[in-house]
Structure formats: C-alpha cells, structure tokens
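Novice: Here's a sequence, model it:
(one chain, ligands or ions: 1)
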Amino acid sequence: MTAIRATNLSKRYGATVAVADLSFDVEPGRVTGFLGPNGAGKSTTMRMILGLDRPSGGSVLVDGRPYQELRHPLRKVGALLDAKAVHGGRSARDHLLAIAQSNGLPASRVGQVLETVGLREVARRRVGGFSLGMAQRLGIAAALLGDPEILLFDEPVNGLDPDGILWIRTLMRDLAAEGRAVFVSSHLMSEMAQTADHLVVIGKGRLIADTSVEEFIARSSQGYVRVRSPRLAEVADLIGTGERHPDHLRVTTMSTLEIGTLTARAGIPLEELTHVRPSLEAAYMELTKDSLEFTS
Ligand SMILES: Nc1ncnc2c1ncn2[C@@H]1O[C@H](COP(=O)(O)OP(=O)(O)OP(=O)(O)O)[C@@H](O)[C@H]1O
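Specialist: From the prediction side, this is the model:
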C-alpha cells in the first residue's frame with residue numbers, strides 16, 4: 001500500500017500560501033527525496049503528514065488514514081523534524097525511555113536504537129551537551145523506536161560533517177532496502193541524487209516534478225553541443241539547426257559526431273566541438289528558478 005498519499009494538499013497562513021494543491025505518493029521500499037528551495041513548503045507538508053498542522057484544503061493519508069486516526073502512530077511513522085527540540089537536562093537513554101513509555105513501546109527498544117545510531121557509549125550523558133551530529137543521531141533513534149514502516153526526515157544532513165552525512169545516507173538506504181518508505185527533505189539536489197530513488201520537487205508550495213532520479217538525470221544530462229568556428233555562419237547554414245550566440249552555436253538535436261562529419265565533409269574548420277552536460281545542481285536550479293523566494 002502507498003505509505004503516504006497527499007491529495008490536493010493546501011496550507012495557508014493568513015495571506016501566505018505555504019502549500020498549494022499538492023498531490024504526490026510516497027511508496028515503500030525506496031527513498032523519496034522531497035526537494036525544494038528554502039520556504040518551498042517542505043516542513044509545512046511534513047507537519048501536515050504528522051498531524052501537527054491542519055490542512056487548509058485537501059488531505060494527506062498515512063497508510064490509508066489521517067495520522068490522528070492511527071492506532072499506534074509511532075509504530076507506523078517515525079519522524080525527525082527538529083533535532084535540537086529535546087529536553088537538554090535528560091540523558092539520551094532517559095529521553096528515549098520517556099518516549100517509549102508514553103507510547104507503549106518496550107523499554108528494550110531503547111538499547112537497540114542507541115546501538116543502531118551509535119550512541120551506546122554516550123547514552124548516560126546529558127543531551128544538552130550533545131553536538132549537532134549527536135543530537136541528529138538521537139532524533140533518528142527516537143524516530144526508529146517504534147520500528148516504523150514509514151520514516152520522515154526533515155533536512156537530516158543540515159550542519160553535519162562528511163562522516164555524519166555518509167552515515168545518514170547509508171542508514172536511509174538501508175531502511176528503504178528493508179522495505180520501509182523513507183521520505184526525506186532537502187534543498188540540495190546533489191545530496192538527493194546520491195540518496196534518493198524518487199524525487200518530489202516543489203517550489204512555492206506547488207509540485208514542480210514527480211520523477212525517478214534516473215529519469216531526472218537522463219532528462220537533465222542531455223545538455224547541448226557547443227560549436228565554435230571562424231566560419232560559424234556557414235556551420236549554422238550547413239547543419240540547419242542550433243541557437244546562435246555571438247561566438248558559438250548551441251545545438252541540442254545533433255551529436256558531436258553528426259556535426260563533425262558534416263563540417264569535415266564541407267571542409268569547414270572547427271575551433272571547438274563539445275558536448276556540454278549541465279550538472280544535476282544546474283538542472284535543478286533551472287527547474288526551480290521561478291520559485292525562489294529570495295534571489296541573491
Ligand atoms: N507557522 C507559520 N506561520 C506563518 N507562516 C508560516 C508558518 N510556517 C511556515 N510559514 C511560511 O510558509 C512557507 C513555507 O515554509 P516551510 O517552512 O514549510 O518551507 P520549507 O520548504 O520547509 O523551507 P526551509 O527549507 O527554509 O525550512 C514560508 O513562506 C514560511 O514563511
């Protein structure tokens with residue numbers, strides 16, 4: 001069954017439209033990246049999935065029901081929203097024990113998740129003294145407590161060092177490989193390209209793309225061929241296609257081999273014949289450029 005289904009989901013705060021008519025599915029067994037520039041509405045959407053915010057319109061279902069109607073919510077969905085939102089005076093173990101107790105989860109899970117996230121050694125230390133990376137791991141431990149089928153992570157790699165980033169990436173891949181649905185937000189395409197199988201891209205609260213990462217890469221990596229020649233006008237006439245720029249021609253419908261063959265036959269010298277592939281990040285920027293709240 002579809003793990004999360006948003007249908008025409010909308011959220012307004014006064015005059016601000018945070019989420020607008022958003023529909024998408026999150027499926028089990030894969031990592032779905034939830035991508036969008038700052039202020040796109042990712043956190044708002046995640047809060048609505050978790051019943052922390054009420055939609056102004058539309059609906060979002062978790063395993064076929066609104067979150068509030070789940071009988072054992074933590075056994076169904078685990079979430080990391082704000083890693084620093086914990087009681088600083090408690091130890092990591094006590095923090096997790098309190099969550100387990102108030103949700104009817106066995107205390108034995110606490111030791112297990114501490115082990116999974118690599119915090120066993122510091123389990124008795126006060127959470128207030130934790131680094132961001134440790135707080136992030138603790139937040140993930142809390143998300144895993146109920147052994148849920150569905151996991152939500154809001155910008156989990158923000159502020160982490162390369163070791164921490166690699167660890168979270170691997171964990172998310174492992175969770176999906178176990179058949180769980182992993183829904184993770186980010187504003188970085190480069191990050192998602194290495195982790196996600198599927199992408200839901202939003203801008204200004206609206207859906208921009210709902211695609212597999214493979215498709216996105218294939219589409220965006222097509223690029224173009226840049227041709228430079230002292231006889232550029234003749235090249236343009238000869239191949240009959242391409243966009244004229246002052247010092248080069250940009251061709252999207254022919255390969256370098258096709259262009260090179262034609263110009264060689266006609267005896268026209270070339271200064272440059274390059275297949276230019278935009279980076280994934282560039283393709284994503286292009287896709288979301290109309291949805292930026294702030295431009296620098
Ligand atoms: N409680 C609130 N009251 C008023 N406006 C809000 C509230 N929460 C979010 N917004 C607005 O809704 C829009 C979407 O915000 P949201 O935090 O969901 O975006 P985001 O994609 O998670 O961005 P970021 O990556 O910066 O966290 C923004 O314009 C934000 O200012």
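Novice: quick one: contacts for the closest residue to residue 26 other than its chain neighbours?
Specialist: Leaving aside its chain neighbours, residue 26 sits nearest to residue 4 (3.9 Å; criterion: Cβ to Cβ, 6 or more residues apart in numbering). For every residue, glycine as well, the C-beta is placed using N, CA and C. Residues counted as contacts of residue 4 (Cβ atoms under 8 Å, 6 or more residues apart in numbering) are 25-26, 49, 60-62, 150, 181, 183.
Novice: what about the chain, any weak spots by pLDDT?
Specialist: Scanning the chain for pLDDT under 70 picks out the ranges 83-84, 220-221, 292-296.
Novice: all helices for the protein, in order.
Specialist: Along the chain, counting by DSSP state H, helices occupy 42-49, 73-76, 92-102, 108-116, 132-144, 162-177, 189-195, 213-220, 232-239, 256-266, 280-288.
Novice: Out of those, flag the one nearest residue 204.
Specialist: With distances scored as Cβ to Cβ, the stretch of the helices of the chain nearest to residue 204 is helix 280-288 (9.2 Å).
Novice: got the contact list for the closest one?
Specialist: Here helix 280-288 makes contact (Cβ under 8 Å, 6+ apart) with 35-37, 40, 188-190, 193, 201, 203, 208-209, 216-217, 219-221, 278.
Novice: Relative to the ligand, which of the contacts of residue 4 is nearest.
Specialist: residue 49 (11.8 Å; Cβ to the nearest ligand atom).
Novice: any idea how far that closest one lies from residue 6?
Specialist: 8 Å (Cβ to Cβ, to the nearest Å).
Novice: Check residue 151 too.
Specialist: According to Cβ to Cβ, residue 151 stands 16 Å off from residue 6.
Novice: how close does the residue minimising distance to the centre of the chain sit to the ligand?
Specialist: For the chain, residue 33 is the residue whose C-alpha lies nearest the centre (Cα atoms, centre = their mean; 2.9 Å). For residue 33, the distance to the ligand (Cβ to the nearest ligand atom, to the nearest Å) stands at 13 Å.
Novice: what are the bridge partners for that residue, then?
Specialist: residue 184, residue 199 (DSSP bridges).
Novice: shouldn't it be in contact with residue 213?
Specialist: Yes. With contact defined as Cβ atoms under 8 Å, residue 33 reaches residue 213; the gap is 7.5 Å.
Novice: what's the overlap in contacts for the two?
Specialist: With Cβ under 8 Å, 6+ apart, residue 33 and residue 213 have common neighbours 192, 196, 198-199.
Novice: what's the nearest residue to residue 222 if we skip its chain neighbours?
Specialist: If you skip the residues right next to it in sequence, residue 222 has residue 252 as its closest partner in space, 7.2 Å away by Cβ to Cβ, 6+ apart.
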